[in-house]
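Q: Sequence and predicted structure below; questions after.
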Amino acid sequence: MHAPMQGLVTIDTTGDLVRLAVVLGTLVLLAAVVTRLGGLDFSGAQLTAALRATVQLAVVGTLIAGVLDSWWLTAGFTALMVAVASWTAGRRLAPPPAQGWAWGFLPVCAGALPVAATLVFTEVVPLVPIAVVPVVGILVGGAMTATSLAGHRIRSALGERHGEVEAALSLGLPERDARLLVASADAGLALVPGLDQTRTVGLVTLPGAFVGMLLGGATPWQAAAVQLVVLLSLLLVAALATVITLELSARGIVAGPAQS
């Protein structure tokens, strides 16, 4: 490895590229094999996800300089991020052939965009593309993850504990309240990954924003400040997205009982 300021991974020669490809291919194949041997159903999804990530990052890496030189392209790229995240989360809320996946736009956008706008308005995040794009991407990704996890947990709870919903209805509770009674605790589990990451930052993990700032020449205090902004913003984003997902589900708009 070369000097730290050159990055965590260096690709200076064809040999470096080949070595990296072999290592990455081995990692994803081992992940798929372990998943398959463990009786899980996601080995194929891991392979396709890795392939998509490779293609997408290659394209973004090629185009990002041009995108960051234009506010119009930056706005278009941001809209694309929001659309893909909302579509992905929406398919978790209402998986095919169910309708209503477009509702994924509501928790993702309402969770991420107001928080991002607040950070820019208060000048915590400078109004320049190179700062706005990664911050919006992180927040949108957090909203997508929270929406997906909450939607999946709620569907499972409503399916497995359908009898409790019926019992609550028989006691006179409105349908929304009956669903909330069953699904609220499970929806809250969508907040756990963010809470664990925040609780253990600096002790278990050194997140990307922190490491990236250090490699870019920032002081440890500056890097810590940026990472705190990201982590605490993500807590709010996840809370907003989860609460909205729960409300949509309680009203029967999305995330009906999971089918066994």
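A: Structure received.
Q: quick one, helices of the stretch 151-260 of the chain?
A: 162-170, 175-188, 192-200, 208-215, 220-250 (DSSP state H, counting those that start in this stretch).
Q: Let me know which of those helices is tucked in deepest.
A: Comparing the helices of the stretch 151-260 of the chain by mean neighbour count (mean count of other CB atoms under 10 Å), helix 220-250 comes out on top with a mean of 20. (C-beta placed from N, C-alpha, C; glycine too.)
Q: Nearest to Val28, out of the helices of the stretch 151-260 of the chain?
A: helix 208-215 (19.6 Å; CB to CB).
Q: What mean pLDDT does that closest one get?
A: For helix 208-215, mean pLDDT rounds to 68.
Q: next one: stretch 114-130
A: 90.
Q: Could you pull out the buried residues of that stretch?
A: 115-116, 119-120, 125, 129 (16 or more other CB atoms under 10 Å).
Q: residues near Gly66, how many?
A: Look at Gly66: counted by other CB atoms under 10 Å, it has 10 neighbours.
Q: Model confidence for Leu8, exactly?
A: 57.
Q: Am I right that Gly111 is in contact with Leu240?
A: Yes - counting by CB atoms under 8 Å, a contact exists between Gly111 and Leu240, whose distance comes to 4.0 Å.
Q: Name the residues contacting each of those two.
A: Residues touching both Gly111 and Leu240 by CB atoms under 8 Å, 6 or more residues apart in numbering: Ala143.
Q: For Thr14, find the nearest of the helices of the stretch 151-260 of the chain.
A: helix 208-215 (24.4 Å).
Q: what about the nearest residue to Ala31 once chain neighbours are set aside, helix or strand, and which?
A: Spatial nearest neighbour of Ala31, excluding adjacent residues (CB to CB, 6 or more residues apart in numbering): Gln46 at 5.3 Å. If you go by DSSP states H and E, Gln46 is part of helix 43-68.
Q: could you say what helices and strands that helix packs with?
A: The helices and strands touching helix 43-68, judged by 3 or more CB pairs under 8 Å, 6 or more residues apart in numbering; DSSP states H and E, are helix 14-37, helix 71-93, helix 129-160.
Q: just these: most buried one?
A: Mean neighbours per residue, mean count of other CB under 10 Å, is largest over those for helix 129-160, with a mean of 23.
Q: Report how many residues lie close to the residue nearest to Ala31.
A: 18.
Q: any residues touching stretch 239-256, and which ones?
A: Counting by CB under 8 Å, 6+ apart, 90, 93-94, 98, 100-101, 103, 106-108, 110-112, 114-115, 142-143, 146-147, 150-151, 154-155, 158, 175-177, 179-180, 183-184, 187-188, 190-191 sit against stretch 239-256.
Q: same thing but at 6 Å, please
A: 93-94, 100, 103, 106-107, 110-111, 143, 146-147, 150-151, 154-155, 176, 179-180, 187, 190 (CB atoms under 6 Å, 6 or more residues apart in numbering).
Q: about what we covered before: and the helix holding Gln46, what's its mean pLDDT?
A: 84.
Q: Now do the buried residues in that helix.
A: Buried residues in helix 43-68, counting neighbours by 16+ other CB under 10 Å, are found at 43, 46, 50, 64, 67-68.
Q: Quick check: of these, which lies closest to Leu27?
A: Using CB to CB, the buried residues of helix 43-68 come closest to Leu27 at Ala50, 8.4 Å.
Q: ok, and the closest non-adjacent residue to the closest one?
A: Ala50 sits nearest to Val28 (CB to CB, 6+ apart), 4.1 Å away.
Q: quick revisit: weakest of the helices and strands packed on helix 43-68 by average pLDDT?
A: Minimum mean pLDDT among those: helix 14-37, a mean of 87.
Q: tell me the angle that helix makes with helix 43-68.
A: Helix 14-37 runs at 140 degrees relative to helix 43-68, counting by axes from the mean of the first three to the mean of the last three CA atoms, to 10 degrees.
Q: Outside of helix 14-37 itself, which residues are in contact with it?
A: For helix 14-37, contacts defined as CB under 6 Å, 6+ apart pick out 11, 42-43, 46-47, 50.
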